[in-house]
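Asks: Quick one, structure for this:
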Amino acid sequence: MQGTSVRSAALSALPGALWRTAFARPGDGREPHAWGEPYAQGDPDGPFPPDVLRGLPPGFTGRIVARSGERAGGVAWHAAPDGGGCFPDGDGWIYVSNCALPLLGGVTALRFAPDGSLRSGYRILSGADRSGAGAATPWHTWLSGERTPYGRVFECDPYGLRAPMPRLAMGLFAHGGVACDPDRGVVYLTEGEPDGCLYRFRPDDWGDLTTGVLEVMVGTLGEESVTWERVPIPATAHVSLGEHVPLREQVKGARRFAGGGDCHYSDGLVRFVTEGDGRVWAYDAARECLTVLHDTAGRSGGGEDGEITLVAGDRAVPFLRVTGGWAVAGPSLSPAGDRLYFSCRPPQDARPAPAAVTVEVRGPFPDLVRA
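Replies: Here you go, the predicted model:
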């Protein structure tokens, strides 16, 4: 695959206020900044509300690069944009976005020139079902997971040169989040079910996800120490007495979580959100122990997906908050770290329903997270 780097190793952009509380040092508990003029005020022609964001800090500018239902770079931009990621592309870069529509899901890519102009748009995956979770691999491919009971993971080429491939050995289940651990050569996957599990996939050859071993976390509720056991039949539902047995039921003692969501790996820790109880968990891969980093005391985390948090090391800085019931998805920094891409989805009950938009914010992001 092309390119030399997927994203800045020191800086990440993550959705949701829960990530801020999970990473922030004591005393960092700042609210998202209410800087500058209302965001997107320079786009009066579209349905994107001019007051949907609080504002941007000095030195930052924003623009809409794609709107659902309209053409962007020659391709119709999809509805329900979800997980997203950036990749280097010679002297430019590429942003890919999952489409979470039932049966009409997939992934669309936008290719940008060095000056930020849009060179082209194209599909890299079509005909998937509720493509939500996604992650960039160290070898510059995009993993797109379906959030359905027998959902697949597709490995896609962001450059559009190779056909997408289903990686069935990674398991068929409702994929909530994906994170690559290059230090140990494994991929972690959360399960978007009310009683879902945490899985890890150990490929036979790091860099080739065709074959390998899928394992599920096993442990007693309330205890930090956990282990992993192999899932017997990851590529299909197990059949017992004529009934289908999902993956999470195949291993006795599998640890259960209240709806696994976004997942992130850094510095030996796998952090993931459980949407049903608003918790952020941390799995220490070296010590093989699991802890709760943040607990919203029974309040669901579903209402906190309207924020983007910048994370560098153990420092987290809230960057912006979407207002009016709009949600954000797929935040990702360009390889140079000076442009942030993400999508904004309107409230589900909005009538008439405005179109979702995909946004670029440009500015000195590293300066915001420096101590």
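Asks: C-alpha only now, for contacts and for neighbours.
Replies: Fine.
Asks: which residues of the protein fall in helices?
Replies: Here the chain has its helices, by DSSP state H, at 17-23, 365-368.
Asks: could I get the ones you listed as a markdown table with mean neighbour count and mean pLDDT?
Replies: What follows is these, written out as a markdown table (neighbours: other CA atoms under 10 Å; pLDDT from 0 to 100):
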| stretch | mean neighbour count | mean pLDDT |
| --- | --- | --- |
| helix 17-23 | 24 | 86 |
| helix 365-368 | 15 | 91 |
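Asks: Dump those to TSV, plus distance to Ser120.
Replies: Compiled in TSV, the helices of the chain are given as follows (distance: least, CA to CA, whole Å):
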stretch	distance to Ser120
helix 17-23	33
helix 365-368	26
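Asks: Nearest to Val270, out of those helices?
Replies: Val270 lies closest, by CA to CA, to one member of the helices of the chain: helix 17-23, at 11.5 Å.
Asks: from the middle of its chain, how far away would the closest one be?
Replies: With CA atoms, centre = their mean, to the nearest Å as the basis, helix 17-23 stands 15 Å off its chain's centre.
Asks: Show me what it is in contact with.
Replies: Applying CA atoms under 8 Å, 6 or more residues apart in numbering, the contact partners of helix 17-23 are 29, 273, 278-280, 293-294, 301, 304-311, 314-318.
Asks: In PyMOL, how would I select the buried members of the residues you listed?
Replies: The PyMOL selection below is limited to those of these classed as buried (16 or more other CA atoms under 10 Å):
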select buried, resi 273+278+279+280+293+294+301+304+305+306+307+308+309+310+311+315+316+317+318
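Asks: Keep only those of the contacts of helix 17-23 that are in strands.
Replies: 273, 279-280, 293-294, 307-311, 315-318 (DSSP state E).
Asks: Tell me the one of those residues nearest Val65?
Replies: Lowest distance from Val65 to the ones in strands among the contacts of helix 17-23 (CA to CA) belongs to Ile308, with 18.1 Å.
Asks: list the contacts for the closest one?
Replies: Ala13, Leu14, Pro15, Gly16, Ala17, Pro318, Phe319, Leu320, Arg321, Val328, Pro331.
Asks: gap between it and His78?
Replies: Distance, Ile308 to His78, by CA to CA, to the nearest Å: 22 Å.
Asks: likewise Ser68?
Replies: Plainly put, Ser68 is 5 Å away from His78 if you go by CA to CA.
Asks: More neighbours: which of those two?
Replies: With neighbours defined as other CA atoms under 10 Å, Ser68 and His78 compare such that His78 has more, 27 against 19.
Asks: Please verify my assumption that the more buried one contacts Cys99.
Replies: Yes. With contact defined as CA atoms under 8 Å, His78 counts as touching Cys99 (6.3 Å).
Asks: Return the residues in contact with Cys263.
Replies: So Cys263 contacts Gly177, Val178, Ala179, Tyr188, Leu189, Thr190, Val270, Arg271, Phe272, Val273 (CA under 8 Å, 6+ apart).
Asks: which strand residues sit across from it in the sheet?
Replies: Phe272 (DSSP bridges).
Asks: and if you look at Ser225?
Replies: Note on Ser225: beta-bridge partners by DSSP bridges are Cys289.
Asks: Which residue would you name as the spatial centre of this protein?
Replies: The residue lying closest to the centre of the chain (CA atoms, centre = their mean) is Gly83, at 4.4 Å.
Asks: if I look at that one, how far off is Ser117?
Replies: Distance from Gly83 to Ser117, counting by CA to CA: 22 Å.
Asks: same deal with Tyr95?
Replies: Separation of Tyr95 from Ser117 (CA to CA) stands at 13 Å.
Asks: Same check on Tyr150?
Replies: Distance, Tyr150 to Ser117, by CA to CA: 39 Å.
Asks: Then Pro15?
Replies: Counting by CA to CA, the gap from Pro15 to Ser117 is 25 Å.
Asks: Residues contacting stretch 137-146, please?
Replies: Counting by CA under 8 Å, 6+ apart, 1-3, 5-6, 85, 87, 98, 106-107, 128-136, 151-158, 173-178, 180, 182, 207 sit against stretch 137-146.
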